[in-house]
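[1] please find the sequence and the predicted model below.
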Amino acid sequence: MTTLITQPSWQRRTVYDGALMRLEYFGPASPDQVIVVFPPFDFPFADNGQGWGGTSFAKRNLAYVCVYSAKPDWYQNAEFFDAMKACRREIGGNSQISAYGFSMGAYGALLAGRTLDAERIIAVSPQASIDPKVATFERRYDKEWSNMDGWRHNLAREMDHHRDYFVVFDPLHRMDKMHEGLLPKPAGYRRCMMHGVGHGILKACVEMGLQDELFDLVHGKIEANQFRTAFRRKRPTGFRYLRKVGSEMHDRGHKIAPLFRDLAAESGYDRLVRRWQKYYSAA
């Protein structure tokens with residue numbers, strides 16, 4: 001058990017320790033709510049810090065469990081559900097659970113929700129599968145797939161009608177949009193669309209100052225429509241949004257293209273202004 005510098009009253013304890021998965025709890029002895037956090041595929045198994053996103057959770061006084069995976073296998077291993085059951089037992093029935101993850105971790109959050117008995121699942125830029133027979137369009141993770149021995153879990157069996165699912169993605173990102181189309185759609189399924197920010201939604205949230213709203217969504221303080229409203233309000237300052245949508249408007253010769261040039265200039269994105277200058281030089 002280790003005391004965290006950021007929250008002196010918090011504990012760190014291992015809730016599951018296997019060959020392929022490890023779960024570490026960070027928080028007070030009796031939390032009202034716990035966020036079970038699923039990192040992206042490249043987060044190290046041997047991390048001895050505060051886990052993925054730990055500083056942000058501790059800053060907001062949100063207890064959490066970090067799910068460590070020894071392999072970038074999208075949790076297609078025999079330990080996964082045993083680990084989730086152990087997590088639910090360790091947290092106890094009096095604490096509410098939310099599951100949250102990004103990319104591979106977003107798939108893990110969707111897969112774990114029912115076993116964790118989570119009230120809400122927030123999946124950011126998830127893949128539905130990296131099996132080329134299922135996601136025929138997916139080539140980003142060919143290396144990881146080549147080291148796997150197949151796909152063993154069925155997401156449709158695990159996503160049920162008894163909890164809320166929030167899938168945050170960019171519908172202008174071709175592959176992420178196609179993955180979202182493959183996901184099961186139970187009754188509590190909600191789309192949180194962030195147009196123009198690409199796969200790297202978490203970096204875009206930092207750029208736009210949208211971190212608090214994202215954590216409020218994870219924590220259950222706001223709903224999908226409120227998160228989308230906050231995104232629409234703050235996107236004019238986001239580099240990824242301006243680059244994607246502004247470039248498309250310039251390519252189309254749309255009448256609002258100059259607005260994006262002005263927004264980029266106001267935000268200090270000089271490289272975008274230079275990139276679009278060709279559309280005005282001829283005029």
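    Right, received. Where do you want to start? As the structure is a computational prediction, the values presented were derived from the model and not from experiment. Residues are numbered from 1 along each chain as shown.

[2] could you pull out the helices in the stretch 51-200 of the chain for me?
    With DSSP state H, counting those that start in this stretch applied, the stretch 51-200 of the chain shows helices at 54-59, 80-91, 104-116, 142-146, 155-158, 174-182, listed in chain order.

[3] tell me the most buried of those?
    Mean neighbours per residue, mean count of other Cβ atoms under 10 Å, is largest over these for helix 104-116, with a mean of 25. Every residue, glycine included, has its C-beta placed from N, CA and C.

[4] quick one, that helix and helix 80-91 angle?
    60 degrees (axes from the mean of the first three to the mean of the last three Cα atoms, to 10 degrees).

[5] give the rounded mean pLDDT of helix 104-116.
    Helix 104-116 shows a mean pLDDT of 98.

[6] now the angle from that helix to helix 174-182?
    20 degrees.

[7] mind showing which ranges of this structure have poor pLDDT?
    For the chain, the stretches flagged by pLDDT under 70 are 1-6, 282-283.

[8] can I see the domain layout of this protein?
    Taking automatic domain parsing as the criterion, the chain consists of the domains 11-234, 241-281.

[9] winner for burial among the ones you listed?
    domain 11-234 (a mean of 19).

[10] if we can go back for a sec, which one of the helices of the stretch 51-200 of the chain lies nearest to residue 23?
    The closest of the helices of the stretch 51-200 of the chain to residue 23 is helix 80-91. By Cβ to Cβ, the value is 5.4 Å.

[11] the closest one: how far from the chain's middle?
    21 Å (Cα atoms, centre = their mean, to the nearest Å).

[12] do stretch 171-181 as well
    For stretch 171-181, the distance to the chain centre is 14 Å (Cα atoms, centre = their mean).

[13] now swap in stretch 66-81 and tell me
    Worked out by Cα atoms, centre = their mean, stretch 66-81 lies 16 Å from the chain centre.
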